[in-house]
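K.L.:
Take a look and give me a structure for this.
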Amino acid sequence: MLTSITPLGERSRGSRWGTTVVAFLVGSLLAGLALGAAAGALGELVGLGSVGAAWRLGLLALALCVGLALDLGVAGARLPTPQRQVNEEWLHAYRGWVYGLLFGAQLGLGLVTVATASAIYLTCCASLLSASPLAGAAIGGTFGLVRWATLLPAGSVTTPARLVALGARLARVEPAARSAGLAAQGILAAVAALAVVLATT
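P.N.:
Numbers count the residues shown, from 1 in each chain. Alright, predicted model coming up:
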């Protein structure tokens, strides 16, 4: 996706990169807000709000650990994920703002395309455990913004040579980015577990 929506690619399709990126932002943000709000409302509906904050933090810590184990493939476990990708044929079938909006909405939801990390599911879990549509929307909206921000590095791709360089740069940083994400998830799990201990002592 990142190497498909670039100033170079948009120019070749008769679209403006800025317009497509703004449409992607709108789709991703609205989808993230809606998903987070729905999960938060569900948590409120089933009574998670009456469960103590320490218990909910404990459940979040547990979810973070399970997600980490799945991401690492512990004991051969694999992250469950749909096999569906966004439809790249839309790039040639619709105007930039249309496919920008549609791609953004799908990636902002996170659950309808291939999931490469448990963070997608953990966003829903955190929204659910918030037991609040407003807090859930804030969590989901943040996720949507992060998904949109992945397009920004492509803003300098105005020539084929820069496109090749971007692809090579992404391949180089991917292992480090994955390791950083796993480390951050582990730290969050530890912080949540510590907060539970402190809240119950």
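
K.L.:
What strand or helix carries the closest residue to Cys125 other than its chain neighbours?
P.N.:
Of all residues not flanking Cys125 in the chain, Ala63 sits nearest, at 4.6 Å (C-beta to C-beta, 6 or more residues apart in numbering). For every residue, glycine as well, the C-beta is placed using N, CA and C. Assessed by DSSP states H and E, Ala63 sits inside helix 53-72.

K.L.:
cool, and Arg162?
P.N.:
Assigned by DSSP H and E, Arg162 belongs to helix 160-199.

K.L.:
what does Thr158 give?
P.N.:
If you go by DSSP H and E, Thr158 is not part of any helix or strand.

K.L.:
burial measure for it, as a count.
P.N.:
Neighbours of Thr158 under the rule other C-beta atoms under 10 Å: 13.

K.L.:
Contact partners for the nearest residue to it once chain neighbours are set aside?
P.N.:
Nearest residue to Thr158, sequence neighbours excluded (C-beta to C-beta, 6+ apart): Pro7, at 5.0 Å. With contact taken as C-beta atoms under 8 Å, 6 or more residues apart in numbering, Pro7 is in contact with 17, 154-158.

K.L.:
Now do the buried residues in the helix holding Arg162.
P.N.:
Within helix 160-199, the residues that count as buried by 16 or more other C-beta atoms under 10 Å are 163, 166, 181-182, 185, 188-189, 192-193, 195-196.

K.L.:
Cheers, nothing more for now.
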